[in-house]
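Asker: next comes the sequence, and after it the predicted model I'd like to discuss.
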Amino acid sequence: MCGIVGYAGRRDAAPVLLGGLQKLEYRGYDSAGVAVFEGGSLHIVRKKGRVKELAEALSLKGNVGVGHTRWATHGAPSERNAHPHTYGKFTLVHNGIIENALALKEECIARGEKFSSDTDTEVIAHLISWFYNGDFAVAVRAAAKRLAGSYALAVLCADFPDAIVCVRMKSPLIVGKGADGAYVASDLPAIAGEGVEAYALEDGDIAILRAEELSLYDGDLRPVKREKMQYSCREDAPELCGFRHFMKKEMAEIPVALRRAPLSAEGGNDGLAEALCRAEFIEIVACGTAYHAGLCAKHAFEGLCRVPTEVTVASEYRYRDPIVPRRTLCIAVSQSGETADTLAAAQLARERGAYLAAVTNVAYSSLTRMADAVLFTQAGREIAVAATKSFNAQLTVLYGLAARRAAALGIAAPPLEGLSVAAEGALAAAEGVRSWTPHFLSGKSVFFLGRGADYCTALEGSLKLKEITYLPSEGYPAGELKHGTLALIEKNTPVVAVVTQAALAEKTMNAVHEVYARGAKVFLVTSFAELARREEVTAAVVLPPCPEEYSPAVAVIPLQALAYYVAVARGNDPDKPRNLAKSVTVE
Ligand code: AGP
């Protein structure tokens, strides 16, 4: 997770690096650092905290440098562990995890080498130094061959102050060439604003950056060509446009995202259409919010078109020796398209014979390159760590697939087009949850209840709340409550119930009654106005009309808003919750 940048050109490197790092902060923000060659000698500034702490680096005058924003894996967030790391003549920044770092470190220590950080990264600088005999790229390549795990590296060498050598394995890395120099970054938006021709490196690729040229090689240092990435200026860092936080802005963009997403659901290619219609089994793999989108979609695939569907957390799927029946359609859902576990699970399903469809928000991601067919959610760039509009858009695309399969069977599914209008209504109604916040400030555990698809919405509401408010919270199937969890309900415990499924409404209301009888404060998100008037209900949001098959895409909106308002009331930054990062590119 971590973001890396590098620049070798004719401009001052420091502002380029800091600008790039700011656009990569969604990948991690517990410490940051830059290294810039100034007149042949290297200057390093490293700080605990966010990129803005590096402001003093702006005084550095030099045209070649690298930078890093960190999400700690090995070693606590601290200045000592912040990148860049140096050993001998080599200084580098790294995104990824070196799985054999301990064994390699022991080798280095046995040679008498000393370490100055607790990171897995520092050992790479030691290795490159060990292999160095005057050829920079050859030493980087030799060191890379000893590494197990994932890495995207940008390396500086004191003997070559005009160059950066980069290499990647299982961690994304984009290189670019502009009129004034060569660039590298973990993600395109960090360099897109520079008007560069950009290329995504493939596993094992090595790139050498100099002001005048960008050279690409394969893992054996043979020159290679990579396809130029197509992107628009929209890939540049988006603005807050008057909103206080990206999360709020991105929620406001949900209706637009839902207007665009059905177009994707109709898209794909002939291969996908065939795989969808022939599928005897659907396996959805994903993590976090995307996993919850998969859970919601299972109800649509099974309910609308009776295709058996499993949804598996990607980190479990990849190590489970999964059974992939014939005619399996695997759908990997990932906003970023870079989540390491989702990529590994999708790869495994594909290797075992599944047709792989990707539902992703990032056109140039690793997932898009691996999949047989890609459906873009077209939600627009999402900056806040807490996923909002991408979830609604993922649902719309997945519902679209279910509707397509239903149509092939001659079953008419409800149209998706009205979802955007329903989302607008839900956004307006969701403003009402601002008045619920005092009940959620006590620090007590919060429970989200629902049945069927509403249970999936409850899970997502709970994840959203816990990740940005830090309140303990649990999403629970309403009918399961009395088998244990009811013991946790006491006076004033906040309970949020989601009720949009007509056939299950009274069943969920039974659970509401049970928690109310034990002193809970009940908050309701429902499509049924009459339920909002029940005595058990402290406050309610009544949702606008929406086909109940698709209701999670709308019902989740007040829950996203609740998480947002409670986080702000607790003094948290909802865009950058502690310990988290937007893209989890490591295991
Ligand atoms: C959601 O709010 C999260 N921050 C997180 O669970 C996220 O959905 C998960 O890491 C998956 O990310 P992806 O969609 O980019 O694969």
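Answerer: Yes, it's here. Just so we're clear, the structure is a prediction, and the values are computed from it rather than from any experiment.
Asker: interface residues of this structure facing the ligand?
Answerer: Counting by C-beta under 6 Å from any ligand atom, the chain comes close to the ligand at 287-290, 334-336, 339, 342, 385-387, 467, 583-584. Where C-beta positions appear, they are placed from N, C-alpha and C, glycine not excepted.
Asker: nearest to Asn361, of those residues?
Answerer: Minimum distance to Asn361 across the residues of the chain next to the ligand is 4.7 Å, recorded for Gln335 (C-beta to C-beta).
Asker: I'd guessed the closest one sits against Gln394; true?
Answerer: Yes. Judged on C-beta atoms under 8 Å, Gln335 makes contact with Gln394 at a distance of 7.4 Å.
Asker: neighbour count: these two, which is higher?
Answerer: Between Gln335 and Gln394, Gln394 has the larger neighbour count (other C-beta atoms under 10 Å), namely 32 against 29.
Asker: ok, Gly452 - how many residues close by?
Answerer: Gly452 has 22 neighbouring residues, counting by other C-beta under 10 Å.
Asker: should've said Arg352
Answerer: When neighbours are counted by other C-beta under 10 Å, Arg352 registers 15.
Asker: what's near enough to touch the residue of the stretch 251-400 of the chain found nearest the ligand?
Answerer: The minimum distance from the stretch 251-400 of the chain to the ligand, using C-beta to the nearest ligand atom, falls at Gly288 (1.8 Å). For Gly288, the contacting residues are 387, 463, by C-beta atoms under 8 Å, 6 or more residues apart in numbering.
Asker: please apply the same query to the one 10 residues further on.
Answerer: Taking C-beta under 8 Å, 6+ apart as the definition of contact, the neighbours of Lys298 are 284, 309-311.
Asker: include pLDDT, neighbour count and secondary structure when you put those into CSV, please.
Answerer: As requested, these are exported to CSV (pLDDT from 0 to 100; neighbours: other C-beta atoms under 10 Å; DSSP: H, G, I helix; E, B strand; the rest coil):
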residue, pLDDT, neighbour count, secondary structure
Ile284, 98, 27, strand
Thr309, 98, 23, strand
Glu310, 98, 16, strand
Val311, 98, 22, strand
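Asker: Ser473 contacts Lys466, doesn't it?
Answerer: Yes. Applying C-beta under 8 Å, one finds Ser473 in contact with Lys466, separated by 4.6 Å.
Asker: of those two, who's got more company?
Answerer: Taking neighbours as other C-beta under 10 Å, Ser473 and Lys466 compare with Ser473 leading, 23 against 18.
Asker: which ones are touching the closest residue to that one other than its chain neighbours?
Answerer: Spatially, and ignoring its direct neighbours in sequence, Ser473 is nearest to Val446 (4.1 Å; C-beta to C-beta, 6 or more residues apart in numbering). Val446 is in contact with 440, 462, 465, 471-474, 493-496, counting by C-beta under 8 Å, 6+ apart.
Asker: ok, now how distant is Val446 from the ligand?
Answerer: Remark: distance between Val446 and the ligand (C-beta to the nearest ligand atom, to the nearest Å) = 16 Å.
Asker: and that residue, how far from Ile489?
Answerer: Per C-beta to C-beta, to the nearest Å, Val446 is found 11 Å from Ile489.
Asker: list residues touching both of those two?
Answerer: Joint contacts of Val446 and Ile489 (C-beta under 8 Å, 6+ apart) are Val495.
Asker: for the nearest residue to Ala290 once chain neighbours are set aside, helix, strand, or coil?
Answerer: Closest residue to Ala290 apart from its sequence neighbours, by C-beta to C-beta, 6+ apart: Val333 at 4.2 Å. Three-state call for Val333 (DSSP: H, G, I helix; E, B strand; the rest coil): strand.
Asker: thinking again about what came up before, redo the contacts of Lys298 as TSV? Include distance to Ala502.
Answerer: Below are the contacts of Lys298 laid out as TSV (distance: C-beta to C-beta, whole Å):
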residue	distance to Ala502
Ile284	26
Thr309	22
Glu310	26
Val311	24
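Asker: please go through this protein and pick out the longest helix.
Answerer: Counting by DSSP state H, the longest helix found in the chain is helix 389-408.
Asker: tell me where the stretch 451-587 of the chain has strands.
Answerer: Assigned by DSSP state E, counting those that start in this stretch, the stretch 451-587 of the chain shows strands spanning 473-477, 494-499, 521-526, 537-542.
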